[in-house]
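Novice: Please find the sequence and the predicted model below.
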Amino acid sequence: GLRREWLPRHVAVIMDGNSRWAKARSLPTSAGHEAGYKALREMLRLSCAWGIRVLTVFAFSSENWLRPKAEVDFLMMLFERILRENIGNFLRESIRVRIIGDSSKLPFALQKLAKEVEEMSRNNSRIELVVAVSYSGRGDIAQACQKISQKVKHGLLEPEEITESLIAQELETTSIEFPCPDLLIRTSGEARLSNFLLWQSAYSELFFTKTYWPDFGEADYVEALFSFQKRQRRFGQRIT
Ligand SMILES: CC(C)CCOP(=O)(O)OP(=O)(O)O
Ligand SMILES: [Mg+2]
């Protein structure tokens, strides 16, 4: 079985395949996103049960804004519903929720609700759920550069002080303790990072599965964790 001491501390997921899942069942795309919501709830439940410290999910990329307006509006309403329906669970299970991404483009009500849920769950410590909405990995790096440049401009920082760790601290990734995903999962058979956690996933173990996101359940999660445990992570060094 799974060796608990070898579990990743930070798992990131690119939840992909909702539309194809729906199409294969002659259902509307919205049904695929609804089914995706159920899969997310199950993944959070399992991650809590297994002691995963951080679960980061790619819920909506900056490129997703180009989708049909009806689908974007549906997803924005779904995100608001997810937060409202689960705030009680987050508090009961001591789940800390953080939203990363360009929130300025989100409907105001969702921006407000996200801030409230972040605030209410701030001291929760069992697991951190980081939801990337309107997120861009390149945008994350660019905003970190802007923040750092402001400090240099105001004489608070010298250029030679700009190290990898300083940049990492300025990224939107909010988990101070485990900022980098140990395991990055992408579903639906696509083998791309799609502008997700580009800096943070520099040494992440990548796991790709053909399973469409709505069908991703315990068996798929265990398969990903087994694959992770079988890999010997060298971080670029030579292991004799
Ligand atoms: C918004 C995002 C979570 C949706 C993921 O599924 P998708 O709509 O990209 O589905 P397809 O890759 O099958 O089109
Ligand atoms: Mg897709």
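Specialist: Arrived safely, thanks for sending. Residues are numbered from 1 along each chain as shown. Ligands and ions are numbered 1, 2, ... in the order given.
Novice: pLDDT value on residue 231, please?
Specialist: Per-residue pLDDT puts residue 231 at 87.
Novice: and the next element down the chain from the longest helix anywhere in the chain?
Specialist: If you go by DSSP state H, the chain has its longest helix at helix 69-92. Counting by DSSP states H and E, the next helix or strand C-terminal to helix 69-92 is strand 95-100.
Novice: now the helices: where do they sit in the protein?
Specialist: 18-24, 29-50, 69-92, 108-120, 137-153, 164-170, 218-230.
Novice: ok, back up a step: and the longest helix of the chain, what does it pack onto?
Specialist: helix 29-50, strand 54-61, strand 95-100, helix 108-120, strand 127-135 (3 or more Cβ pairs under 8 Å, 6 or more residues apart in numbering; DSSP states H and E). For every residue, glycine as well, the C-beta is placed using N, CA and C.
Novice: Any idea how far that helix is from the middle of the chain?
Specialist: 15 Å (Cα atoms, centre = their mean, to the nearest Å).
Novice: got the contact list for it?
Specialist: 29-30, 33-34, 37, 40-41, 59-60, 64-65, 95-97, 106-107, 109-110, 113-114, 117, 120-121, 124, 129, 131, 133 (Cβ atoms under 8 Å, 6 or more residues apart in numbering).
Novice: Throw the helices and strands packed on helix 69-92 into CSV and include mean neighbour count, thanks.
Specialist: Formatted as CSV, those follow (neighbours: other Cβ atoms under 10 Å):
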stretch, mean neighbour count
helix 29-50, 18
strand 54-61, 24
strand 95-100, 21
helix 108-120, 15
strand 127-135, 23
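Novice: closest to ligand 1 out of the ones you listed?
Specialist: strand 54-61 (5.1 Å; Cβ to the nearest ligand atom).
Novice: what about the closest one, near ligand 1?
Specialist: Yes. Residues of strand 54-61 are located near ligand 1 by Cβ under 6 Å from any ligand atom, namely 59-60.
Novice: Show residues contacting that strand.
Specialist: Contacts for strand 54-61 (Cβ under 8 Å, 6+ apart): 9-15, 40, 43-44, 47, 75, 79, 101, 127-136, 173, 175, 177-178, 181, 194-197.
Novice: now the angle between helix 29-50 and the longest helix of the chain, please.
Specialist: Taking axes from the mean of the first three to the mean of the last three Cα atoms, to 10 degrees, one finds helix 69-92 and helix 29-50 inclined to each other by 20 degrees.
Novice: let's have the chain start at 145 instead
Specialist: Yes, from this point I'll number from 145; that puts the last item at helix 213-236.
Novice: which parts of helix 213-236 are buried?
Specialist: 218-220, 222-224, 226-227, 230-231, 234 (16 or more other Cβ atoms under 10 Å).
Novice: got any ranges where the protein has weak pLDDT?
Specialist: Within the chain, the segments meeting pLDDT under 70 span 145-149, 318-319, 376-384.
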